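Predicted coordinates and the sequence they were generated for:
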Amino acid sequence: MDSIYKSLSEIVGERYVSNQPEELYIYSYDLGTTEPHRPDYVVAPRTTEEVQGVVKLANREKIPVVPLGGGLSLAGLAVPLRGGIALDLKRMDTIIEVNEKARHVVIECGVSQGQLISYLEKHHPNLRHSEPQAPTPATIVGNVAIHGQGDLAQSYGFNSDMVNGLEVVLPTGEVCKIGSCSVSPGWFTLHPLPDLGLFLGWFGTTGVITKLSLRLFPLKRIREMEQFLVEDAELVPEVIYKVTHTEMAEDIFAGTQTTVPARIGLHHIAIYITADSEKELEFKTGLIWDDALGEYIRNGDGGFADLPPPMKARFTARPGMLLSTVCDTVQGGGFEYVGGIMPVETYAECCRQGAKICSRHNIPQLLIARVIGRSHAMMFAWAYVFNRADPESVRQAREAVHETDDLVLELGGTIWKPGVYGQKLMMQRMDPNTLKLMKQVKELLDPNGIMNPGNWEVI
Ligand SMILES: Cc1cc2nc3c(=O)[nH]c(=O)nc-3n(C[C@H](O)[C@H](O)[C@H](O)COP(=O)(O)OP(=O)(O)OC[C@H]3O[C@@H](n4cnc5c(N)ncnc54)[C@H](O)[C@@H]3O)c2cc1C
């Protein structure tokens, strides 16, 4: 063990390696319900070459390596289930290049959501990326590695659909480039090269992404939000269909909860609109309010919530604060949500079943769905808060998470960023040839099984 510590110190410098219990403890858990597992070492490299050195050593010595950005993905995806090296990538935080005209940014893997937002605000005020409502220390790469979604999901899909190129350290230590950057100095597209989509959605089990190019989009000057309220959950998919038909909304959420008494029994559809001028805003709101929603108001099926300006400002703020502000309602810091990528028409059933799970486990109800694309799917989040200091509260939340994983598949969805339990469920249902291909890919890329073992483990 000492010789491993010494070798790691030689690669990254002694200051950036630790095997001290208090530091190992920090990396042993996340906010969710996964049982803690300590790593044997925490290593914080600064360069791709240092990542390469660590991975080569780990491959030679057959030591697990768990890449980690903010460690905020929940579901235990960056918890070192088999010990080994927690590879903390936060020091690799250089924003390498912004191409203003071609609207993309090339970053190192430790760049956080908050860092990119403030950098663009200062240096490229006309540009933005699709921001998840995750805490701002979460990294861009950690987010695309789990197919995250942000506030441009309505128009452009998952954040992982916005990747233009990657640099990856393979589990055997080679550095490999994916996309136009593999043949040219430009990091502007993944196409039309052969599909090498082997690194997104794999939770770090096929390599360490060290650099990434991400698409940027125009930042509009005005951001407005209205909440449309309906009682009948069955109406929600129809309302979403009509609003998305206008192609005027930037982001759409639907949801229901029991934490605000005045809202119990109601479903809100939060519609975000952006514009560069009052005229553009008026045009867009006119189409949504009148053409898409007018008939529901006339029929008495729905109406707008009267939100006080300070509350509206909280909703329209960037970075978005929505989940982060409501996720500790029982106090005690425990939070996990199961994301189901669901057909939009299952919304009402997702709410009904979600409410049952919450009431079975005595957890306040917080159900929220973000529309992906033009109603192509929704990311339905069943959120569970719990008190980390109370084992019974943790147990109830864990059971709720597992029951929800089962539910997602029963309702015909796929589990977003599944923990080990959800991964196993998905693999049990998977087409056997797809599963075989996953196994072959993993064995080819990671012959010694060192990368984030325990995740996507095909038996
Ligand atoms: C309150 C709250 C709200 C949230 N809201 C959203 C939301 O709106 N949208 C959303 O998408 N997510 C959301 N999340 C989930 C999550 O926080 C984000 O997706 C976040 O961006 C994950 O980034 P991270 O750096 O924390 O990832 P990590 O947890 O560090 O890593 C995620 C996974 O990727 C792997 N990984 C990390 N870095 C690398 C790398 N360089 N190479 C290879 N593999 C790597 C890890 O091993 C792990 O398996 C939310 C979370 C919370 C707590």
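Right, received. Where do you want to start? Numbering: from 1, shown residues only.

And stretch 246-253, end to end?
16 Å (CA to CA, to the nearest Å).

And stretch 153-167, what's buried?
Residues of stretch 153-167 classed as buried: 153-154, 156-167 (neighbour count, 16 or more other CB atoms under 10 Å). Any C-beta I mention is one placed from the backbone N, CA and C, and that applies to glycine too.

Sorry, slip of the keys, the one I care about is stretch 169-187.
For stretch 169-187, by 16+ other CB under 10 Å, it's 169-173, 175, 178-181, 186-187.

Next to the ligand, which bits of the protein? Give me the list.
Taking CB under 6 Å from any ligand atom as the contact definition, the chain meets the ligand at 31, 66-74, 77-78, 89, 109, 132-135, 138-139, 141-143, 145-146, 148-149, 203-204, 208-209, 323-324, 327, 335, 452.

ok, of those residues, which come out buried?
Buried members of these, counted by 16+ other CB under 10 Å: 31, 66-74, 77-78, 89, 109, 132-135, 138-139, 141-143, 145-146, 148-149, 203-204, 208-209, 323, 327, 335, 452.

Flag whichever of the buried residues of stretch 153-167 scores worst on pLDDT.
By pLDDT, Gln154 ranks lowest within those, coming in at 91.

That one touches Ser375, doesn't it?
No - using CB atoms under 8 Å, Gln154 is not in contact with Ser375, being 9.1 Å away.

Mind listing the shared neighbours of the two?
The contact sets of Gln154 and Ser375 overlap at Thr244 (CB atoms under 8 Å, 6 or more residues apart in numbering).

Contact partners for the nearest residue in space to Phe380 that is not next to it in sequence?
In this structure, Phe380 finds its nearest non-sequential neighbour in Ala369, 4.3 Å apart by CB to CB, 6 or more residues apart in numbering. For Ala369, the contact set (CB under 8 Å, 6+ apart) comprises 253-255, 342, 347, 350, 378-381.

In strands only, show me those residues.
253-255, 342, 378-381 (DSSP state E).

now the residues you listed as a markdown table including distance to Glu35, pLDDT and neighbour count?
Converted to a markdown table, those look like this (distance: CB to CB, whole Å; pLDDT from 0 to 100; neighbours: other CB atoms under 10 Å):
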| residue | distance to Glu35 | pLDDT | neighbour count |
| --- | --- | --- | --- |
| Phe253 | 32 | 95 | 24 |
| Ala254 | 33 | 97 | 28 |
| Gly255 | 30 | 95 | 24 |
| Met342 | 28 | 98 | 22 |
| Met378 | 30 | 97 | 31 |
| Met379 | 26 | 97 | 21 |
| Phe380 | 26 | 97 | 29 |
| Ala381 | 23 | 95 | 23 |
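
quick check, nearest of the buried residues of stretch 153-167 to the ligand?
For the buried residues of stretch 153-167, the closest approach to the ligand (CB to the nearest ligand atom) belongs to Asn159, at 6.5 Å.
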